[in-house]
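A.B. asks: Build me a model from this:
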Amino acid sequence: MSHFFYQGRQAGKPTEGIVEEKNKNKATLALRRQRITVIKIKGASKKQLEANGIRVKEIQIVFGPFGKVGQKDLMQFTKKLATMVRSGLGLVDAIEMVVKQTKHPVFKDVQYDILEDLNQGVNLVDAFKRHPKVFDNVYVNMLAAGEITGELDKFLDRLSDMLEKRNKIIAGIKKALFYPSTLIVVALGITVFMLTNVVPVFEKMYANLGVELPGPTRVIVDASRYILDPINAMKIVGGVMVFVFIFKQMIKYLPFFSRLVDMLMLKMPMFGGIMVMGIVARISLLMANLVTAGVGIVDVLTICRTTTNNYMFTSAIDRIKEGLYGGQQISTLFEAEKVFPLEVGQFISVGERSGNIDEMLESLASYYEEEFDAVVGGLTTVIEPLMIVVVGGLIGAMVVALYLPIFSAGDLVS
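C.D. replies: Reported below is the predicted structural model:
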């Protein structure tokens with residue numbers, strides 16, 4: 001069966017739409033039976049089908065990052081949904097409008113599945129819960145709270161804000177790591193270029209002069225010869241690949257090694273503090289929203305545990321949960337865990353005494369979000385000139401080493 005888009009007149013009034021039939025002739029006959037005078041009929045385009053609420057199956061690349069729904073797509077979906085529901089539009093109608101604006105093919109299919117489930121009478125939360133790769137426990141719990149309280153628009157707004165802040169934190173971490181990564185890549189690129197293109201020219205020149213090469217120059221010339229040998233180049237690439245593979249396997253299968261790496265990452269100069277602030281900000285933000293949604297504190301901690309893979313934090317959350325089962329106060333438990341900054345326990349303690357723990361958690365999340373932005377901004381300011389100094393120093397050192405034989409020859413002549 002195929003879909004055809006038609007334009008015509010019915011009862012003297014213009015009309016248009018989509019008809020499904022085996023071919024164009026049968027589609028025209030079907031329309032005539034409905035007393036529609038067909039003026040124009042042709043195969044329906046993707047845009048016309050979607051405008052009429054008809055699902056279009058597309059070829060999808062579902063492996064690797066191509067099949068993954070990004071946090072930005074999820075945030076935009078939630079924002080649009082919140083705006084439409086707040087304006088009084090029904091949930092099904094709101095999703096129908098959003099799905100027409102969605103470009104991500106995998107996410108579009110997910111939204112169509114949700115629409116079909118809702119039209120068949122499936123509960124809202126259950127319809128979203130069937131897609132755990134897109135909508136995590138946090139998202140589903142917030143929807144459930146909104147549905148129970150009858151304030152779905154407010155909880156969608158909170159979800160949208162939470163996703164936006166979480167994306168901001170993740171983007172900040174990536175930004176902080178981008179500069180040192182760029183520094184390493186640029187330094188390696190310049191070094192390889194100098195060794196493969198510049199050093200051989202100087203080596204030939206010095207061979208004709210017959211001067212003895214100083215130590216630094218010999219080191220650079222030997223390194224150039226080593227890299228220019230294809231077998232040695234393959235050894236370097238192979239060695240790096242083997243090292244990365246073994247490192248990943250050790251993290252995967254040796255728990256003590258994985259814990260050691262996690263601990264060292266949090267103790268790295270500058271970057272360790274950024275990681276701690278980023279994780280604490282995400283956990284605080286998540287706790288604030290889930291507590292407001294009425295989720296039990298033990299369940300909140302269970303969900304928070306999924307926000308990070310760092311063993312130092314996951315083990316700390318596990319110990320806090322065990323302490324709660326023993327009847328201890330949550331603020332005392334947080335203060336006892338050294339991986340969490342002291343402010344976390346203090347903020348929660350104030351919230352326990354005032355009875356506004358959700359507000360204090362929101363204040364804590366805002367505090368660490370601001371601190372995180374300040375640290376990332378300061379780090380960027382420090383690293384930018386550092387990159388110039390390091391790259392400039394590297395090039396300068398190699399140039400000086402290459403010109404040392406000329407200086408030595410000048411001294412001999414004198």
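A.B. asks: When you work out contacts or count neighbours from here on, use the C-alpha atoms and nothing else.
C.D. replies: OK.
A.B. asks: Which segments of this protein make up each domain?
C.D. replies: Listed by automatic domain parsing, the domain ranges of the chain are 2-51, 64-162, 163-414.
A.B. asks: With mean neighbour count as added columns, please give these in CSV.
C.D. replies: What follows is the domains of the chain, written out as CSV (neighbours: other C-alpha atoms under 10 Å):
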stretch, mean neighbour count
domain 2-51, 15
domain 64-162, 17
domain 163-414, 16
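A.B. asks: Export those to JSON lines and append columns for mean pLDDT.
C.D. replies: Putting those into JSON lines (pLDDT from 0 to 100) gives the following:
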{"stretch": "domain 2-51", "mean pLDDT": "79"}
{"stretch": "domain 64-162", "mean pLDDT": "83"}
{"stretch": "domain 163-414", "mean pLDDT": "83"}
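A.B. asks: What is the distance between the longest helix along the chain and the centre of its chain?
C.D. replies: For the chain, the helix that runs over the most residues, judged by DSSP state H, is helix 357-413. Helix 357-413 sits 25 Å away from the centroid of its parent chain (C-alpha atoms, centre = their mean, to the nearest Å).
A.B. asks: Please apply the same query to stretch 161-170.
C.D. replies: That offset, for stretch 161-170, works out to 10 Å (C-alpha atoms, centre = their mean).
A.B. asks: all helices for the stretch 51-200 of the chain, in order.
C.D. replies: For the stretch 51-200 of the chain, the helices defined by DSSP state H, counting those that start in this stretch cover 71-86, 91-101, 105-119, 124-129, 137-149, 152-193, 199-209.
A.B. asks: Could you export these as JSON lines, including distance to Tyr403?
C.D. replies: Putting the helices of the stretch 51-200 of the chain into JSON lines (distance: least, C-alpha to C-alpha, whole Å) gives the following:
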{"stretch": "helix 71-86", "distance to Tyr403": "52"}
{"stretch": "helix 91-101", "distance to Tyr403": "62"}
{"stretch": "helix 105-119", "distance to Tyr403": "58"}
{"stretch": "helix 124-129", "distance to Tyr403": "68"}
{"stretch": "helix 137-149", "distance to Tyr403": "62"}
{"stretch": "helix 152-193", "distance to Tyr403": "16"}
{"stretch": "helix 199-209", "distance to Tyr403": "9"}
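A.B. asks: got the angle for the longest helix of the chain vs helix 199-209?
C.D. replies: Angle, helix 357-413 to helix 199-209, by axes from the mean of the first three to the mean of the last three C-alpha atoms, to 10 degrees: 20 degrees.
A.B. asks: Kindly calculate the angle that helix 357-413 makes with helix 152-193.
C.D. replies: 10 degrees.
A.B. asks: Against which helices or strands is helix 357-413 packed?
C.D. replies: For helix 357-413, the packing partners by 3 or more C-alpha pairs under 8 Å, 6 or more residues apart in numbering; DSSP states H and E come out as helix 152-193, helix 199-209, helix 215-228, helix 271-292, helix 342-354.
A.B. asks: quick one: which of those is nearest Lys321?
C.D. replies: Comparison of the helices and strands packed on helix 357-413 against Lys321 by C-alpha to C-alpha identifies helix 271-292 as nearest, at 13.7 Å.
A.B. asks: So which residues make contact with that closest one?
C.D. replies: 138, 141-142, 158, 162, 166, 169-170, 173, 176, 265-267, 297, 300-301, 304, 307-308, 340, 357-359, 361-362, 364-366, 368-369, 371-372, 375-376 (C-alpha atoms under 8 Å, 6 or more residues apart in numbering).
A.B. asks: immediately after that helix, which helix or strand?
C.D. replies: Elements were assigned by DSSP states H and E; along the chain past helix 271-292, the next helix or strand is helix 297-304.
A.B. asks: could you check the angle helix 271-292 makes with that following helix?
C.D. replies: Using the same axes, to 10 degrees: helix 297-304 against helix 271-292 is 140 degrees.
A.B. asks: If you count contacts, what does helix 297-304 end up packed against?
C.D. replies: helix 271-292, helix 311-325.
A.B. asks: Quick one: those helices as a markdown table, columns for distance to Lys72 too.
C.D. replies: A markdown table is the format used below for the helices and strands packed on helix 297-304 (distance: least, C-alpha to C-alpha, whole Å):
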| stretch | distance to Lys72 |
| --- | --- |
| helix 271-292 | 16 |
| helix 311-325 | 26 |
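A.B. asks: if we compare these, which one ends up closest to Ser87?
C.D. replies: Nearest of the helices and strands packed on helix 297-304 to Ser87, taken as C-alpha to C-alpha: helix 271-292 at 22.8 Å.
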